[in-house]
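Novice: The following comprises the amino acid sequence and a computationally predicted model.
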Amino acid sequence: MTAIGRRHWAVSAGWIPARSSGPEPELSSHDVLCVLNAGARHANVRIQLVYAAHGTVGPYRLVVAPQRVRQVRVNDLIFPEAVRLEEVYGLIIDSDEPVVVQFGRQDTRQRENAGGMATAWSG
């Protein structure tokens, strides 16, 4: 399979509600990052969180195996520090191999759950 994607991505619309209305963890409100590695080598991904009020935190690191997709809840990023709930943030994503990034949200503050998905911007 031919490698597709880019090495640099950005997401500007992060925000995770602190409240949820369903059972944990499946119905916890969360943002999610999906990373597709269609290439032949492991992709070493570095994620920086850029907060509106607190500056930059990171890098958070993850590895995506060749010809695989990895889905990570942003809420689960805890090192070097846990992601702050109810704080506006953006993501800067860098990879040593080309990847495709998609960003999504599940907001379960109300019983009528809402979800959204968007492709990140590649530069």
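Specialist: Cool, got the structure. As the structure is a prediction and not an experimental result, all values here were calculated from the model.
Novice: Any idea how many residues pack against residue 63?
Specialist: Look at residue 63: counted by other CB atoms under 10 Å, it has 13 neighbours. Using the backbone N, CA and C atoms, a C-beta is placed for each residue, glycine as well.
Novice: List the residues that contact it.
Specialist: Residues near residue 63 by CB atoms under 8 Å, 6 or more residues apart in numbering: 42-45, 70.
Novice: Can you tell me the element the nearest residue to residue 47 once chain neighbours are set aside falls in?
Specialist: Excluding the flanking residues, the one nearest residue 47 by CB to CB, 6 or more residues apart in numbering is residue 60, at 4.3 Å. Element membership for residue 60, per DSSP states H and E: strand 55-64.
Novice: ok, the next helix or strand after that strand: who's next to it in the sheet?
Specialist: Sequence order places strand 68-73 as the next helix or strand after strand 55-64, per DSSP H and E. Using DSSP bridges, the strands paired with strand 68-73 are strand 30-37 (antiparallel).
Novice: Can I get the partner strand in CSV? Just the C-alpha atoms.
Specialist: The C-alpha trace of strand 30-37 is given here as CSV (Å, rounded to 0.1, in the frame of the first residue of the first chain):
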residue,chain,number,x,y,z
HIS,A,30,-14.9,13.2,24.9
ASP,A,31,-12.9,14.4,21.9
VAL,A,32,-11.2,11.7,19.8
LEU,A,33,-8.3,11.7,17.5
CYS,A,34,-8.1,9.0,14.7
VAL,A,35,-4.8,8.5,13.0
LEU,A,36,-4.5,6.4,9.9
ASN,A,37,-1.0,5.0,8.9
